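Chemist: Have a look at this fold, sequence not included:
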Ligand SMILES: [Zn+2]
């Protein structure tokens, strides 16, 4: 066996690229290794922060029920079913070790493609796809729609409706219109997307963010939005005395009249009226569009997940990447959310 001294000496002979490879290997082994205990402990702590609750029926009368496979098992006095700290979480029923899930989280934080994640974690491409969406489904449950208050910037953005992946194996699905080539005119990543020429083939995503960093983002309708769509989005989710900053879209006027929210509409070409502006939301949308480019167009039924994933990334923007991957796994395993494989087959776009 080589000595530590000789290994260190050898690394000195490597170029920068080689040394970086060694570093990332060690990071994976040491950091991810220590994460296993941390993740397990934190999930347990988070899940039981308000007392133990049954992940099957949410009843709070549960007791310990021995150990199984080295893990503490519990039993629910209401439904009689047993569970452990990871029941109804993305890795529930997974035959793969939690280490692989943590490594997968790291790949997601690095922004790798489904295929690259699959290669690194040594799982199949379909499994890689399911893991990604199992994790984001759970993150969506964990962070929720949220709410906003104070000075709130609001704006809508559009994504081309996509049925990607729907028609491959389905015998009943028919494309409602001619298929479009990637990157063709009107593609999802059309950066110059203006609000004129909005058709029903586009999906409207409404975003709101306040000055303390709360973000709301949801699919609200197809085509042009109406004031009722805006009202539904914000129902019971705005603090009293909030001031909304928007562009000059008419729906916001009707919305403000109906809800009593104070409205500051920033006229086209003007950037600021004192503290009232929509610069943060504009920058959020341009970052979102740029980030979405890497996915080469996502199916509309998964669009909501990508909106939540991006929102989550913004919340943890200033964290170190290694910590982010731990948070991603801990938080996705905290809420009781387990997407079964058959749920993917019947998945539909989520509109509020
Ligand atoms: Zn129960």
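Modeler: Thanks, I have the structure now. These numbers come from a predicted model, not from an experiment.
Chemist: Count residues in the vicinity of the closest residue to residue 347 other than its chain neighbours, would you?
Modeler: Among residues not flanking residue 347 along the chain, residue 301 sits closest, at 4.9 Å (C-beta to C-beta, 6 or more residues apart in numbering). In short, each C-beta sits where N, CA and C put it, glycine included. For residue 301, the neighbour count with other C-beta atoms under 10 Å is 19.
Chemist: Which helix or strand contains the residue nearest the centre of the chain?
Modeler: Per C-alpha atoms, centre = their mean, the C-alpha nearest to the average position across the chain is that of residue 309, at 2.0 Å. Applying DSSP states H and E as the criterion places residue 309 in helix 300-315.
Chemist: Can you name the residue of the stretch 151-300 of the chain nearest the ion?
Modeler: Nearest to the ion in the stretch 151-300 of the chain, going by C-beta to the ion, is residue 236, at a distance of 28.9 Å.
Chemist: Now do the helices in the stretch 151-300 of the chain.
Modeler: 227-234, 250-259, 279-293, 300-315 (DSSP state H, counting those that start in this stretch).
Chemist: Redo those helices as a markdown table? Include distance to residue 62.
Modeler: Formatted as a markdown table, the helices of the stretch 151-300 of the chain follow (distance: least, C-beta to C-beta, whole Å):
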| stretch | distance to residue 62 |
| --- | --- |
| helix 227-234 | 37 |
| helix 250-259 | 42 |
| helix 279-293 | 41 |
| helix 300-315 | 29 |
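Chemist: Reformat those helices into JSON lines and put distance to residue 208 and mean pLDDT next to each item.
Modeler: Output for these, formatted as JSON lines (distance: least, C-beta to C-beta, whole Å; pLDDT from 0 to 100):
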{"stretch": "helix 227-234", "distance to residue 208": "7", "mean pLDDT": "97"}
{"stretch": "helix 250-259", "distance to residue 208": "11", "mean pLDDT": "95"}
{"stretch": "helix 279-293", "distance to residue 208": "8", "mean pLDDT": "95"}
{"stretch": "helix 300-315", "distance to residue 208": "11", "mean pLDDT": "96"}
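Chemist: Throw these into JSON lines and include distance to the ion, thanks.
Modeler: Shown next, in JSON lines, are the helices of the stretch 151-300 of the chain (distance: least, C-beta to the ion, whole Å):
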{"stretch": "helix 227-234", "distance to the ion": "33"}
{"stretch": "helix 250-259", "distance to the ion": "40"}
{"stretch": "helix 279-293", "distance to the ion": "39"}
{"stretch": "helix 300-315", "distance to the ion": "28"}
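Chemist: out of those, nearest to residue 67?
Modeler: helix 300-315 (33.3 Å; C-beta to C-beta).
Chemist: Tell me which other helices or strands that closest one touches.
Modeler: Contact here means 3 or more C-beta pairs under 8 Å, 6 or more residues apart in numbering; DSSP states H and E; on that basis helix 300-315 packs against helix 125-143, strand 202-210, strand 215-222, helix 279-293.
Chemist: Not counting it itself, show me its contacts.
Modeler: 133, 136-137, 139-140, 143, 159, 161-163, 166, 203, 205, 213, 215, 217-219, 284, 288, 291-292, 295, 298, 324, 328, 347-350 (C-beta atoms under 8 Å, 6 or more residues apart in numbering).
Chemist: cutoff 6 Å now
Modeler: 133, 136, 139-140, 161-162, 203, 215, 217, 219, 288, 291, 298, 347-350 (C-beta atoms under 6 Å, 6 or more residues apart in numbering).
Chemist: Give me the buried subset of those residues.
Modeler: Buried residues within those, defined by neighbour count using 16 or more other C-beta atoms under 10 Å: 133, 136, 139-140, 161-162, 203, 215, 217, 219, 288, 298, 347, 350.
Chemist: least trustworthy helix or strand in the chain by mean pLDDT?
Modeler: strand 272-273 (a mean of 75; mean pLDDT, DSSP states H and E).
Chemist: Pairing partners for that one, with directions?
Modeler: Sheet pairing of strand 272-273 (DSSP bridges) gives strand 276-277 (antiparallel).
Chemist: Return the distance of the strand it pairs with from the chain's centre.
Modeler: What separates the centre of strand 276-277 from the centre of its chain is 28 Å, taken as C-alpha atoms, centre = their mean, to the nearest Å.
Chemist: again with stretch 27-36
Modeler: Averaging C-alpha positions (C-alpha atoms, centre = their mean) puts stretch 27-36 24 Å from its chain's average.
Chemist: Just the pLDDT at residue 269, thanks.
Modeler: Model confidence at residue 269, expressed as pLDDT, equals 74.
Chemist: Can you tell me how far it is from residue 285?
Modeler: Counting by C-beta to C-beta, to the nearest Å, the gap from residue 269 to residue 285 is 18 Å.
Chemist: So between those two, which is more surrounded?
Modeler: residue 285 (18 against 5).
Chemist: Just to check, the more buried one is in contact with residue 157?
Modeler: Yes. Counting by C-beta atoms under 6 Å, residue 157 is a contact partner of residue 285 at 4.9 Å.
Chemist: who in the stretch 1-150 of the chain is up against the ion?
Modeler: Within the stretch 1-150 of the chain, the positions lying close to the ion (C-beta under 5 Å from the ion) are 54, 56, 57, 59, 76, 78, 79.
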